[in-house]
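J.: With the sequence up front, the predicted model follows.
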Amino acid sequence: MRLAFRVDASVQIGTGHAVRCRTLARALAARGHEVAFLSRHWVGAEDIPLTRLSPAITEPDADGPAHAGWLGCAWSEDAQHTAQALAHNPPDWLIVDHYALDARWERVVAPHAARIMAIDDLADRPHACALLLDQNLGRAEQGYQGLVPAEARLLIGPHHALLRPEFAAAREGALARRGGPLRHILVTMGGVDKGNATGAVLDAIGPLSLDVTVVMGAEAPHLRAVRAQTERLGARLVVDTPDMAGLMAAADLAIGAVGSTSWERCCLALPTLALVIADNQREAAQALAAAGAAEIVDAPTALPARLAHYRDSPAALATMAARAGAVTDGRGLERVVEALESA
C-alpha cells in the first residue's frame, strides 16, 4: 500500500501530531508499505519523506473549526494544494491528523485517495472518512455519532494509542519496579512548550531534594533558559531523546502536560502530576484523573505539597501507578496497522 499523511508541527501546534504520525508511518514502512508526508508547517527532524505544500495566500476561515487558525490559510486553499500534491500518485490511504481540518476538506481531497483515515482527539467537527482513530481515555463511539459516516469504522480509546514499539517492550520491566519510594521525577511539558511551563515547574520544585530529569525538544523556544535553570539546580536536561521509554521506566513520577505522552506514561505505569497547559487538554486530563492514573495540579506552585504527599505515602504512589498501567498495554500501534491493512 501507499499511505500519505497530512499533518503539521509548529510552535503553536506542538509536535505531538507529527510524532504519532511518524510512529505509525515507521510501523507501516517496516511492513513494506510506502509512506509520504504532506505538511504546511514543520519543526523537528525531517527523517521522513516530506513534501511541503505551496505557500499560502489566504487567511484562515473565520467560520472554520475551533483550531482553524492553526492551518495558516483557508481550508479550501489547503485542500487544493493537497489534492495537487496527491494527484500524480494517489495513495491507498490518506491519513489526516489536524484539528483545523474537517469533512469539507476531506470531501475535496477524497477523489485523490482511495480512502481517508482521520486522527482526532476532540470530537468537535464532522469527518468524511472510512476510518477514525481517537485514542483518548473516556471517549465513546457515541461521541462521533452524526460526525462521521454511518459506515465508518471507529478505533476508540487508549487501546489504540499510537506508541512506539519500545514502550510495549519496556512495559514488563517498568511494572516490576513500581511500588518503591519517590526519588526520581521526570518533567515532560511537551516537545515545544511555547509557554515555558517547564521553567515554572523547575522554579516550584527546585528547592526539593529530588533527582530531576527534564525532557524538551530541540525546537523549544525556551530551551536556553531551561538549560540554565537545570544547570543551577543540578537537574538533568535531555534534548530530543531517542529513549523516552527508558527515561519513563526509570522515573518514579512524572510532572507532565496532557497529550500523546500521557499514553506512554500509562503504558509504563508512571504516575503523573498533570498540568493542563492548553484548553484542548482538559477533557483528557479529567479522564485520566477519574481513572486514578494521574492527578491534576492547577498550578506549578501546588507541586511541592503534592510531591511531599507522594514522598510520604508510597502506597498512594503505587496505587496511581497500578491504575495508570491499566489504561493501555502499549500495543495500539499493532491494532491500527492491522485495521489499515485489513480494510
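T.: Yep, that arrived.
J.: counting contacts, what elements does the longest helix anywhere in the chain pack onto?
T.: When the chain is parsed with DSSP state H, its longest helix is helix 16-30. Contacts defined by 3 or more CB pairs under 8 Å, 6 or more residues apart in numbering; DSSP states H and E place helix 16-30 against strand 2-7, strand 34-39, strand 93-97, strand 115-119, helix 260-267, helix 332-342. Heads up, the C-betas are built off the backbone N, CA and C, glycines and all.
J.: Now do Ala251 against Val214, distance only.
T.: With distances taken as CB to CB, to the nearest Å, Ala251 is found 11 Å from Val214.
J.: same thing with Glu34?
T.: Counting by CB to CB, the gap from Glu34 to Val214 is 37 Å.
J.: If you count surrounding residues, which of those two has more?
T.: A count of neighbours by other CB atoms under 10 Å puts Val214 above the other of Glu34 and Val214, at 24 against 15.
J.: Return the set of buried residues in the host helix or strand of Ala315.
T.: In this structure, Ala315 sits in helix 314-325 according to DSSP states H and E. Residues of helix 314-325 classed as buried: Leu317, Ala318, Met320, Ala321, Ala322, Arg323, Ala324, Gly325 (neighbour count, 16 or more other CB atoms under 10 Å).
J.: quick one: which of the residues you listed is nearest Ala85?
T.: Ala324 (40.2 Å; CB to CB).
J.: ok, and the closest non-adjacent residue to the residue nearest the centre of the chain?
T.: Averaging the C-alpha coordinates of the chain gives a centre point, and the residue nearest to it by CA atoms, centre = their mean is Ser260 (2.5 Å). Using CB to CB, 6 or more residues apart in numbering and skipping residues adjacent in sequence, the residue nearest Ser260 is Gly16, 4.4 Å away.
J.: same thing with Thr328?
T.: Take Thr328 and drop its neighbours on the chain: the residue closest to it by CB to CB, 6+ apart is Pro158, 3.9 Å away.
J.: got the contact list for that neighbour?
T.: Gln135, Asn136, Leu137, Trp263, Cys266, Val327, Thr328, Gly332 (CB atoms under 8 Å, 6 or more residues apart in numbering).
J.: quick one: it and Ala291, what's the gap?
T.: Per CB to CB, Pro158 is found 10 Å from Ala291.
J.: Now stretch 90-99: buried residues?
T.: Pro91, Trp93, Leu94, Ile95, Val96, Asp97, His98, Tyr99.
J.: Looking at it now, give me its mean pLDDT.
T.: Averaging pLDDT along stretch 90-99 gives 98.
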